[in-house]
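Engineer: Please work out how this folds:
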Amino acid sequence: MDRLSALQVFITIVEQGSLSGAAKALDIERTKVSRYLGELEDWVGTRLLHRTTRNQSLTEAGEQTLLRAYQIDSLTGDINTIIDRQNDTLSGRLRISSAYSMVDVFLLDAVNEFCALWPQVQIELIVADRNIHLIEEGIDLAVRISNDLDPNIVAKKIGVCRSVIVASPQYLLAHNTPTHPNSLHGHNCLSYSYFGKREWHFYREGLIQSVAVSGQLTSNISNILLKATLEGVGISQQPLASVSPLIQSGQLIHLLPDWEPKKLDVHFVYSSRKQMTLLHRRFIDFVVDRMSSNEIWN
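Structural biologist: Residues are numbered from 1 along each chain as shown. Predicted coordinates:
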């Protein structure tokens, strides 16, 4: 048995959620996927997956094997990276997770530019407005916008996310324009589920002002709140990168410009520095350079 291939097939089975899904992703017959899994289980000496007609889950041995499989796959990538470096090329595949708003305003353009520079690189963008398990879902890098990261993960700060308070002209025609954070009381404040759901924080000349807010709409996707804001539903706190063009065009009004909402750090997070390949490092450096050259993010 080609154990390296069997481990790669096992990773694909877990990532795709089924043997059939792995067969489709690898473009091989399902019977071949099943044979690889069976031979790998014979090699390990125990069952790696609990399988039913509807779902599958990892056994305890399967979880340990998956971790080792990712480590071996990473080492294989390192060896390929050494060869690529000697040939002055960059190749390989990255799976990157990010919230949709970040993909929309920044990450997609960065990925396209990077792939144009390195035609042999493949990048899969996983859009998820939640924190996903990097190892279980086979994610190489994830973008997290937070000042409160889990201390057990490895992270690199790549920029700063600034926010602004905005409303549409039609909303302000029907309601008083707030001139102070406390003026937000009584307004329909549209809130993000994971940040500032009940309280917004503002800074001005060393002063900190925290204001309790309430509204009829909450969502885990900031773009939904942005659409509702454009339609005149209420006031929302939005990333400056998302709404800057809309403010310039007059579709949205920047409220409380003298008060800055709380800034959030933007990070790349990954499971282990030991699994970092040249491709990982080159992409991170590329994104950091691109962000640092844009005043919105630095």
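Engineer: and residue 296, which of the three is it?
Structural biologist: Counting by DSSP: H, G, I helix; E, B strand; the rest coil, the backbone at residue 296 sits in coil.
Engineer: for the protein, what helix or strand is lowest in average pLDDT?
Structural biologist: Taking all helices and strands of the chain together, the one with the lowest average confidence (mean pLDDT, DSSP states H and E) is helix 60-86, at a mean of 71.
Engineer: Can you report how many residues neighbour the residue lying closest to residue 244 once chain neighbours are set aside?
Structural biologist: Nearest in space to residue 244, with sequence neighbours left out and distances taken as CB to CB, 6 or more residues apart in numbering, is residue 296 at 6.9 Å. Quick note: C-beta positions are derived from backbone N, CA and C, even for glycine. Number of residues near residue 296 (other CB atoms under 10 Å) recorded here: 16.
Engineer: tell me the contacts of residue 296?
Structural biologist: Residue 296 makes contacts with 162, 240, 241, 244, as judged by CB atoms under 8 Å, 6 or more residues apart in numbering.
Engineer: could the residues you listed go into CSV alongside pLDDT?
Structural biologist: Compiled in CSV, the contacts of residue 296 are given as follows (pLDDT from 0 to 100):
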residue, pLDDT
162, 93
240, 94
241, 93
244, 94
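Engineer: Residue 34 contacts residue 22, correct?
Structural biologist: No - here residue 34 lies out of contact with residue 22, judged by CB atoms under 8 Å, at a distance of 9.6 Å.
Engineer: Which elements pack onto the helix or strand containing residue 170?
Structural biologist: Using DSSP states H and E, residue 170 maps to helix 169-174. Packed against helix 169-174, as judged by 3 or more CB pairs under 8 Å, 6 or more residues apart in numbering; DSSP states H and E, are no other helices or strands.
Engineer: neighbouring contacts of it?
Structural biologist: Applying CB under 8 Å, 6+ apart, the contact partners of helix 169-174 are 229, 232, 233, 234, 235, 250, 251, 253.
Engineer: Stretch 97-105 too?
Structural biologist: Surrounding stretch 97-105, the residues in contact under the criterion CB under 8 Å, 6+ apart are 107, 125-129, 132, 134, 137, 139, 141-143, 145, 221-223, 239, 241-242, 266.
Engineer: make it 7 Å
Structural biologist: Applying CB atoms under 7 Å, 6 or more residues apart in numbering, the set of residues contacting stretch 97-105 from outside is 107, 125-129, 132, 139, 142-143, 145, 221-223, 239, 241-242.
Engineer: Let's test this: mean pLDDT of it, rounded?
Structural biologist: With pLDDT averaged residue by residue, stretch 97-105 scores 91.
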